[in-house]
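predicted model and sequence below, questions to follow.
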Amino acid sequence: MKRLSIFLALAALLLTASAQTGPIFLFEKFTPAKIHFKNRSVTVSSMNYDASGGKMYFMQQDNFMELTNAAAIDTIAWGDRKFVPQGRRFHEVFRLEQSGSTVCVDWLLKDVHLGSKGALGLPTQAKVENLKLGDFTGEAPGFDGYTAQGTYDKDVWKRKNDNTYYLKLDGKNKKVKNLKQLCQAFPSLAAELRQYAQREKLDMKQVPDALRLLDFCFSRSQR
């Protein structure tokens with residue numbers, strides 16, 4: 001029995017590690033995006049963003065390829081969602097609804113294995129199934145850039161983010177990852193911000209919530 005428990009624990013660790021070796025695409029599938037180059041030329045390609053490795057991919061015939069000439073790119077846009085190159089990664093640009101301020105998000109996603117669905121549909125660690133990632137085409141069900149949880153066959157996974165939010169305050173660039181750092185960036189609003197986050201049940205690990213908290217801070221600071 002002890003050997004079986006050790007085996008299951010090792011198997012779960014190996015499965016979790018194997019799930020994180022490939023891309024975690026931000027969008028459910030490769031879709032057309034406009035690439036705006038610094039020389040003002042524009043091209044359209046079917047693309048997706050690996051939010052775990054910070055790499056941009058495009059489709060060439062039936063294979064996806066890494067975009068390597070980021071230095072020549074100004075922006076990449078899927079409709080109204082815009083990304084700009086920053087070093088070796090890409091940041092998504094958001095314009096906040098109330099304040100009109102701009103923040104950039106450095107996406108960093110990872111999948112955490114919760115267990116396998118048992119006979120009653122509840123997660124259990126007693127069974128290990130093969131992970132299916134749709135050959136990394138981004139077509140695995142239940143996930144997109146905002147989804148918190150999904151399943152691959154009988155495996156239950158929770159998608160977590162460790163995003164960094166870049167903002168400009170008083171002419172200086174700042175970055176925040178959590179509520180504590182946001183309070184430090186807006187010290188005069190710290191108490192009000194904590195009350196707002198608690199009252200509205202907002203979590204910085206959820207992107208829509210994080211944007212609401214940032215918008216709250218910028219809106220209050222503009223008064």
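All right, it came through fine.

hey, where'd the helices end up in the protein?
Along the chain, counting by DSSP state H, helices occupy 2-19, 179-185, 190-200, 207-221.

how's the chain carved up into domains?
Domain segmentation of the chain under automatic domain parsing yields 1-79+111-160, 163-221.

what's the least confident stretch among the ones you listed?
Note on the domains of the chain: lowest mean pLDDT is at domain 1-79+111-160, with a mean of 69.

distance of the spatially closest residue to Leu193 that is not a sequence neighbour from Phe27?
Excluding its sequence neighbours, the residue lying closest to Leu193 (C-beta to C-beta, 6 or more residues apart in numbering) is Cys183, at 5.7 Å. Any C-beta I mention is one placed from the backbone N, CA and C, and that applies to glycine too. As judged by C-beta to C-beta, to the nearest Å, Cys183 and Phe27 stand 32 Å apart.

repeat that for Val176.
Distance from Val176 to Phe27, by C-beta to C-beta: 25 Å.

who has more neighbours out of these two?
Val176 (23 against 17; other C-beta atoms under 10 Å).

what's around the closest residue to the more buried one other than its chain neighbours, how many residues?
Distances taken as C-beta to C-beta, 6+ apart place Leu182 nearest to Val176, at 4.7 Å, with adjacent residues excluded. Other residues lying near Leu182 total 24 when counted by other C-beta under 10 Å.

so Phe27 makes contact with Ala51?
No. Counting by C-beta atoms under 8 Å, Phe27 stays clear of Ala51, with 9.4 Å between them.

pull the residues that contact stretch 86-97.
Applying C-beta atoms under 8 Å, 6 or more residues apart in numbering, the contact partners of stretch 86-97 are 49, 54-56, 70, 75-76, 81-84, 101-107, 166, 211, 214-215, 218.
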